[in-house]
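Visitor: Need coordinates for the below:
(4 chains)
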There are 2 protein chains.
Amino acid sequence: MGLEPLPEDVLERAESEALAPLCAVFRRRLRDEGLKYTPERAHILDAIIGMDGLFEAEQLLESLRESSERVSKATVYRTIKLLQDAGIVQRVLLDGEHAYFQLVYGTRPHELLIRVDTGEIETIELPELAELRDRICRERGLDPQGHRFQIYATGRGST
Amino acid sequence: MGLEPLPEDVLERAESEALAPLCAVFRRRLRDEGLKYTPERAHILDAIIGMDGLFEAEQLLESLRESSERVSKATVYRTIKLLQDAGIVQRVLLDGEHAYFQLVYGTRPHELLIRVDTGEIETIELPELAELRDRICRERGLDPQGHRFQIYATGRGST
DNA sequence: GTCGGTGCAAATGCTTTGCATTGAT
DNA sequence: ATCAATGCAAAGCATTTGCACCGAC
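Guide: Next up is the predicted model:
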């Protein structure tokens, strides 16, 4: 009834998808804190990678269930928090009720275009926002740590 | 044990502070929906006005308690929702746990500069963001409904 | 008298935590 | 052995809701 010890397996798969940096960053961060890169954590990171960008905790749980990786809800939340601390995942709070999270690929910021009528969420890139942010911080003698931009829109003619 | 019926009192005070438009908008919206502008709702709007911009539900409750206006938690939440529907108040979700709300003065969007080290939140105006938003929506044939921009920063030299 | 509004307390639902067990070095 | 991680179930907490009563038109 134990957990299968197949971290290398997962690790390989993730690396084969050119996502090695994520694993590497996460593992280094864990190592630095005296924490461990466990199979559960690997599975969770793997599942996150498979969700292309934006996800909810519940979706992540389901995705793990589907790949028959048994990871408890508590561990998922705990790992998400670790990933946030490592700067790999960012909490994104939309208008609605619960939290979404999004993978942060390195330092490239991702903006969101949210269709309020359909619920669709598109990820877009607006490098000029980082510049705007940096300028504003510079003017005030602050160090920029990040930013968040979300656009809400509907199809033409919707309410 | 009833509620004191002093809506005019509150109304006057708010209007004397040049915030008549808010009351007016709210009242019109309520009227349109066949709802009422009650003393409790007036008190809540009044308290929101007194919080200059950004507030949490709990702060609002406390502020009401301090002015010895007894309004229940449930009513506060219900009224905030009405104010959101009326476009007077906007839900703002920061990194942290719970929701903040902010007064929306007419249609002018307010962006936020958040000091992650001190917790300070500064309100700034960046009209160019609305243009950027509109351009992006136009490119995709969408109607812009709003946007949200938040900058996270620390003082020079902080973590 | 009909509706909506309010307060209270109970319910909700996401997220966190306590605790005993398990796993890795 | 030690120290951290996990799972489960219980606890937390902001927010919502059900319900009985109250007030306005």
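Visitor: Would you mind measuring from A:K36 to B:F26?
Guide: 55 Å (CB to CB, to the nearest Å). (Glycine included, C-beta is placed from N, CA and C.)
Visitor: how near is A:Q150 to A:L60?
Guide: Counting by CB to CB, the gap from A:Q150 to A:L60 is 21 Å.
Visitor: hang on, the earlier thing: compare A:K36 and B:F26 (neighbour count), which wins?
Guide: Using other CB atoms under 10 Å in any protein chain shown as the criterion, A:K36 and B:F26 rank with B:F26 on top: 24 against 12.
Visitor: so that one makes contact with B:A86?
Guide: Yes - here B:F26 reaches B:A86: they are 5.5 Å apart, a contact under CB atoms under 8 Å.
Visitor: any common contacting residues for those two?
Guide: Residues touching both B:F26 and B:A86 do not exist when contact is defined as CB atoms under 8 Å, 6 or more residues apart in numbering or on different chains.
Visitor: these two touch, right, A:I48 and A:L82?
Guide: No - at 11.8 Å, A:I48 does not count as touching A:L82 under the criterion of CB under 8 Å.
Visitor: of the two, who's got more company?
Guide: More crowded of A:I48 and A:L82, by other CB under 10 Å: A:I48, with 26 against 19.
Visitor: So for stretch A:46-60, what gets flagged as buried?
Guide: Across stretch A:46-60, burial judged by 16 or more other CB atoms under 10 Å in any protein chain shown covers A:46-50, A:53-55, A:60.
Visitor: go on, stretch A:28-42?
Guide: A:29-30, A:37-42.
Visitor: what sits against the most centrally placed residue in chain A?
Guide: Centre of chain A computed as the mean C-alpha position; nearest residue by CA atoms, centre = their mean is A:L103, 2.6 Å away. By CB under 8 Å, 6+ apart, A:L103 lies in contact with A:22, A:48-49, A:51, A:53, A:88-90.
Visitor: Longest strand in chain A, please.
Guide: strand A:142-155 (DSSP state E).
Visitor: Please name every helix or strand in contact with that strand.
Guide: Under the contact criterion of 3 or more CB pairs under 8 Å, 6 or more residues apart in numbering or on different chains; DSSP states H and E, strand A:142-155 touches strand A:111-115, helix A:127-140, helix B:127-140, strand B:142-155.
Visitor: Helices of chain A, start to end?
Guide: Applying DSSP state H to chain A gives helices spanning A:7-16, A:20-32, A:39-49, A:57-66, A:73-85, A:127-140.
Visitor: What residues does chain A have near DNA strand D?
Guide: A:3, A:30, A:34-36, A:38, A:40-41, A:70-75, A:78-79 (CB under 7 Å from any atom of the strand).
Visitor: try it again with 10 Å
Guide: A:1-3, A:30, A:33-44, A:64, A:69-79, A:82, A:96-97 (CB under 10 Å from any atom of the strand).
Visitor: Not counting its neighbours along the chain, what's nearest A:I124?
Guide: Residue nearest to A:I124 in three dimensions, not counting chain neighbours: A:E111, with 5.1 Å by CB to CB, 6 or more residues apart in numbering or on different chains.
Visitor: I'd say A:V76 and A:S63 touch.
Guide: No - contact status for A:V76 versus A:S63: not in contact, 10.1 Å apart, counting by CB under 8 Å.
Visitor: Low-confidence stretches in chain A?
Guide: Where chain A drops to pLDDT under 70, the residues are A:1-20, A:93-97, A:105-109, A:157-159.
Visitor: A:G146 contacts B:Y152, correct?
Guide: Yes - with contact defined as CB under 8 Å, A:G146 reaches B:Y152; the gap is 4.5 Å.
Visitor: Tell me which of these two has more neighbours.
Guide: Applying other CB under 10 Å to A:G146 and B:Y152 shows that B:Y152 carries more neighbours, namely 21 against 18.
Visitor: who touches the more buried one in this structure?
Guide: Counting by CB under 8 Å, 6+ apart, the residues that B:Y152 touches are A:144-148, B:95, B:114, B:116.
Visitor: can you rerun that using 7 Å?
Guide: A:145-147, B:114, B:116 (CB atoms under 7 Å, 6 or more residues apart in numbering or on different chains).
Visitor: Kindly state the beta-bridge partners for it.
Guide: A:G146, B:I114 (DSSP bridges).
Visitor: how near is it to DNA strand C?
Guide: 18 Å (CB to the nearest atom of the strand, to the nearest Å).
Visitor: From A:E139, how far out is that residue?
Guide: 16 Å.
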